[in-house]
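*Asks:* Provided below are the primary sequence and the corresponding predicted coordinates.
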Amino acid sequence: MAAGKQSTAGLFVRIPLAEAEKLNRAAFELKTPKRELVTGLLARYVDPGSPRSLAELRELSGRRRVTVETEADELVVGQHSFRPTDLPEVLTLAELADWLQVEEDSLVKMAETGELPGRRIGGEWRFARQAVLDWLAGERGEN
């Protein structure tokens, strides 16, 4: 490895549009690649070995740990997470693929054959969130 070169890893994350635009603007104004800005922010603000750093990150993430005490003799261990949806009522192909965690090409094929409820509007696929939920539950009505 050449001097000054570091190993890298790919990172793909979806962030809110407003924050993505801020990152794009900062990169443009500073004439610095976004990769370097994100690397600098992580190096400066994220230290998984520091309880204080982890506490600050925990506040940002919105996750919290809940302890439940019970009088029952049997021990039940598990984990639950709730992620409220902020999806719009009408989804784009990309939003639906992300939500269902499948490839866009698979959804296009299903929509084109009529298996998945959707409509082409101006050459772009759109999907009603409730229709997709009904379809997933096996309660699909006629479009």
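*Replies:* Sure, I can see it.

*Asks:* C-alpha only now, for contacts and for neighbours.
*Replies:* OK.

*Asks:* and Arg14, what element?
*Replies:* For Arg14, there is no helix or strand it lies in under DSSP states H and E.

*Asks:* what's the burial count for it?
*Replies:* Counted with other CA atoms under 10 Å, the neighbours of Arg14 add up to 7.

*Asks:* least trustworthy helix or strand in the protein by mean pLDDT?
*Replies:* Counting by mean pLDDT, DSSP states H and E, the weakest-scoring helix or strand in the chain turns out to be helix 51-61, with a mean of 79.

*Asks:* so what touches that helix?
*Replies:* Residues lying outside helix 51-61 but in contact with it, judged by CA atoms under 8 Å, 6 or more residues apart in numbering, are 45-48, 64.

*Asks:* in the longest helix anywhere in the chain, what counts as buried?
*Replies:* As far as residue count goes, and with DSSP state H defining each element, the longest helix of the chain is helix 17-30. Taking 16 or more other CA atoms under 10 Å as the neighbour-count basis, helix 17-30 is seen to contain the buried residues 23, 27.

*Asks:* give me the contacts around that helix.
*Replies:* By CA under 8 Å, 6+ apart, the surrounding residues in contact with helix 17-30 are 33-34, 37.

*Asks:* let me have these in CSV, extended by pLDDT and neighbour count.
*Replies:* Putting these into CSV (pLDDT from 0 to 100; neighbours: other CA atoms under 10 Å) gives the following:
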residue, pLDDT, neighbour count
Pro33, 91, 13
Lys34, 90, 16
Leu37, 91, 15
